[in-house]
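[1] sequence-free structure coming up:
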């Protein structure tokens, strides 16, 4: 029986994502009363700064971009063009989520822990997901996937690269 290594890694990545999101939801830390949200489509742009929270979204013609900052002390930025869809979500203080998509690509960037950085860059119809948590740095884009720090996971369909880093666990293809 031949085991598809990529499928196994995908399952590990999905389990890591579910665990990270679940753990962040249970902790209750970093939840702020006021959210800073930016959402645009079809050739529009918006920026908002409220206290120490900021977001920005810019969408070209036929594109959508959303950037939501939920911690009250972080940043979320998204940019899309040529039919792309970019979404950035910052959930914890001191963290930054960046998403960019073009040519029908889909980019999703999420930070679930404090002092995290996640960058997702999608292109040519591909999908990228980057999740940074608890001091982690996640990158998914044209150069593949890179994960470092406390917790990070990333995946890029255009290159087929994925990674998961959590403490002593360091999986990548």
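    Yes, it's here. Keep in mind that this is a model prediction, so the values were computed, not measured.
[2] Over to residue 128. Which of the three states is it?
    strand (DSSP: H, G, I helix; E, B strand; the rest coil).
[3] If it is in a bridge, with which residues?
    Counting by DSSP bridges, residue 128 is bridged to residue 107, residue 156.
[4] any idea how far it lies from residue 45?
    22 Å (C-beta to C-beta, to the nearest Å). Backbone N, C-alpha and C define where each C-beta goes, glycine included.
[5] which of those two has more neighbours?
    Remark: of residue 128 and residue 45, residue 128 carries more neighbours, 30 against 13, as counted by other C-beta atoms under 10 Å.
[6] Helix or strand: which one has the spatially most central residue of the chain?
    When C-alpha atoms, centre = their mean is applied to the chain, the residue found nearest the centroid is residue 109 (1.2 Å). In this assignment (DSSP states H and E), residue 109 forms part of strand 106-111.
[7] next helix or strand past that strand?
    strand 117-122.
[8] can you count the residues close to the closest residue to residue 165 other than its chain neighbours?
    Nearest non-adjacent residue to residue 165, counting by C-beta to C-beta, 6 or more residues apart in numbering: residue 147, 3.8 Å away. For residue 147, the count of nearby residues is 28 (other C-beta under 10 Å).
[9] Tell me if I'm right that residue 147 and residue 131 touch.
    No - using C-beta atoms under 8 Å, residue 147 makes no contact with residue 131, being 9.2 Å away.
[10] any residues in contact with both of these two?
    With contacts defined as C-beta atoms under 8 Å, 6 or more residues apart in numbering, the residues adjacent to both residue 147 and residue 131 are 138, 153-154.
[11] which among these gets closest to residue 88?
    Nearest to residue 88 among those is residue 138, at 12.2 Å by C-beta to C-beta.
[12] Report the contact partners of that closest one.
    Taking C-beta under 8 Å, 6+ apart, we find residue 138 in contact with 116-119, 130-132, 145-147, 152-154, 163.
[13] Helix, strand, or coil at the residue nearest to residue 125 when sequence neighbours are not counted?
    With sequence-adjacent residues excluded and distances taken as C-beta to C-beta, 6+ apart, residue 125 is closest to residue 104, at 4.6 Å. On the three-state scheme (three-state DSSP), residue 104 is labelled coil.
[14] per-residue pLDDT, residue 104?
    What the model reports as pLDDT for residue 104 is 94.
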